[in-house]
Each structure stands twice: as structure tokens, then as C-alpha cells.
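Asker: Task: produce atomic coordinates for the following.
(one chain, ligands or ions: 1)
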Amino acid sequence: MRKKLIAGNWKMFKKLGESQALAREIAAAAGSHGKVELLVCPTYTSLASVAETLKGSPVKVGAQDLHWEEQGAFTGKISWDMIKDAGADYVIIGHSEQRTYFHETDETVNKKTRTALKGKLVPIICVGETLAQRDANQTLDIVSNQTRKAFEGIPKADAAVCVIAYEPVWAIGTGRNATPEQAQEVHAMIRKLVSGLYDSGVADGMRILYGGSMKPENAKSLLSLADIDGGLIGGASLKADSFLAIAAAS
Ligand code: 13P
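Answerer: The predicted structure is shown next:
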């Protein structure tokens, strides 16, 4: 049985005090959500203080990206070691905003995934098609390509700890979520693909999250599907009420 993971991606929102306050509010209610795992991914500048705030609570902390190198002259970047040092256990990799605005490619997603795994961070690997690709009936091809490339050269034991987030680009921040049928179709395809790449044990254990305009109103219909193991939530994760309502819906 896969434990559901409800993850908040705070993107470039919330200053230090605001991040701590939100973390405190979520932690205060976390005890009543024992059946799901809660995770928050604040900005780098809030990472350490949110981790400190959440110490002793079941709520986990993740970063929103990392560099694949250990250290060096890479202005603006952050390493797995620094993320661990700040108290985080997860890292989002290959978010579509990184792919669209910051030159993230399938190759850099693969490098980052290997580095995260080496550093014992749990990668949340994001995949998803654009609207034009969906309209051209390319969704399954695009997503399977992205997934296959992310796992290239990654051994089974490492793959087994990864989380995948299916985030259709057209659903992110638009208020237009994938229908449960659309999401389930892609999630089932990803699980089958992982089974082919590794085996059914890895596939059955892998958590595949949905992301893209998930809200308290649509969470239940998405999270009750066989292959949807949680959510990666943007907008609705910025308020404790809506984030926790999604957790309750699962
Ligand atoms: P929204 O929930 O705001 O659509 O964002 C989804 C997302 O990008 C999470 O990573």
C-alpha cells in the first residue's frame, strides 16, 4: 500500500516570516493527517528556518531544485549537500517552470536525479505535456520519453525511492485541472513504463503524484483513483486551510 504524499510547492512565494508562519500552521494540524505524508517545499532562503520550525513534526521539507555538481563556481546554484545541511529530505526536479524558463532538459533532469539520489535526497521528478502536445495526441509519448530519460542509468534500488509528479503544463496555475480520467490514463501508463524499466515491485511501490490546479474541490476525485498517490500543489498550498483540506480529501 502506497502512502499518499501531499506536497506543497511554494514556488517563489513567501518571505521568511511568512514561510515560518505557514509551516507552523500546517504542523499544528499535521497530527490529524496521520495517514498521509505532508511535505512543503519553500524557497531556498526559507529552507533552513522552515526545517527548524518543523523539527519534531511529521511534516517533511524539500527544496525546489538543485545543481548536479557537488560544489564549485556555479553562481546562483545550490548543491544537494547544502539542501541536506538545511534540513530537507526531498527535492523537486524538472518542474515545467524550470524546463520552460530556465533551460532544464531531460539530460539535466537525469543528472540532477542521480546527484539527489547520491546525496540521499528523495527526487520528485516532474513530467508533463504542453497543451499543443496534448492536442496533437502526443501526451503519452512525451511523458514516457521524459520519464525514460529521467531514469537513464539509474539502478533499481535508487529508482525505488523516487517520486514522479505528472503535471500537465496546461493545468499549472490555470485553474483548469486534468480530468480524473485524463490523469489516471497517464499515471497508469507511467507505472507500466516503470514496471518495464525495472519490475512490478518498483512500479507498485512508486508514488506518482498529480499536479496542476489541484484544489480542495477537485482533490477527492483525483486522489481516489488507483494510480494517483498524492498531489504536488502550487497555489492551494500557500494557505494552510486549502493545503490541509486537500490532505483531508486523500
Ligand atoms: P498549481 O497548483 O498552482 O496549478 O501549481 C501546480 C504546480 O506547478 C506544482 O508544482
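
Asker: for the residue of the chain most remote from its centre, helix, strand, or coil?
Answerer: Most distant from the centre of the chain: residue 73, at 27.7 Å, with distances by C-alpha atoms, centre = their mean. Classification of residue 73 using DSSP: H, G, I helix; E, B strand; the rest coil returns coil.

Asker: same question, residue 83
Answerer: At residue 83, secondary structure determined by three-state DSSP is helix.

Asker: Tell me who's in contact with the residue nearest to it when sequence neighbours are not counted.
Answerer: The spatial neighbour of residue 83 that comes closest, neighbours along the chain excluded (C-beta to C-beta, 6 or more residues apart in numbering), is residue 63 at 4.5 Å. C-beta here means a position set from N, CA and C on the backbone, and glycine is covered the same way. By C-beta atoms under 8 Å, 6 or more residues apart in numbering, residue 63 lies in contact with 41, 44, 47, 78, 83, 86, 88, 90-92, 121.

Asker: 7 Å instead, please
Answerer: Applying C-beta atoms under 7 Å, 6 or more residues apart in numbering, we find residue 63 in contact with 41, 44, 47, 83, 88, 91.

Asker: Help me confirm that residue 222 is found in a strand?
Answerer: No: counting by three-state DSSP, residue 222 is not part of a strand but helix.

Asker: thinking again about what came up before, please name the bridge partners of the residue nearest to residue 83.
Answerer: The partner list for residue 63 in beta bridges (DSSP bridges) reads residue 91.

Asker: From residue 187, how far off is it?
Answerer: 24 Å (C-beta to C-beta, to the nearest Å).

Asker: Kindly report the same for residue 147.
Answerer: 11 Å.

Asker: now for the helix or strand hosting residue 149, which elements pack on it?
Answerer: Using DSSP states H and E, residue 149 falls within helix 139-150. Applying 3 or more C-beta pairs under 7 Å, 6 or more residues apart in numbering; DSSP states H and E, one finds that helix 139-150 makes contact with helix 106-118, strand 122-127, helix 180-197.

Asker: Quick check: next helix or strand after the last one?
Answerer: If I follow you right, that is helix 180-197. Next in line after helix 180-197, if elements are assigned by DSSP H and E, sits helix 200-205.

Asker: Buried subset of the contacts of residue 63 as a ChimeraX selection?
Answerer: Listed next is the ChimeraX selection for buried residues among the contacts of residue 63, using 16 or more other C-beta atoms under 10 Å:
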select :41,47,83,88,91
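
Asker: With distance to residue 166 added, can I get the contacts of residue 63 in a markdown table?
Answerer: Converted to a markdown table, the contacts of residue 63 look like this (distance: C-beta to C-beta, whole Å):
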| residue | distance to residue 166 |
| --- | --- |
| 41 | 17 |
| 44 | 25 |
| 47 | 25 |
| 83 | 23 |
| 88 | 23 |
| 91 | 18 |
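
Asker: mind putting the contacts of residue 63 in TSV, distance to the ligand included?
Answerer: Shown next, in TSV, are the contacts of residue 63 (distance: C-beta to the nearest ligand atom, whole Å):
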residue	distance to the ligand
41	8
44	16
47	16
83	17
88	16
91	13
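
Asker: got the residues of the chain near the ligand?
Answerer: Counting by C-beta under 6 Å from any ligand atom, the residues of the chain close to the ligand are 9, 95, 167, 172-173, 211-214, 232-236.

Asker: List the contacts of the residue positioned nearest the centre of the chain.
Answerer: With distances taken as C-alpha atoms, centre = their mean, residue 124 lies nearest the centre of the chain, 4.2 Å away. Contacts for residue 124 were tallied using C-beta under 7 Å, 6+ apart; they are 7, 62, 90-93, 163, 165, 232.
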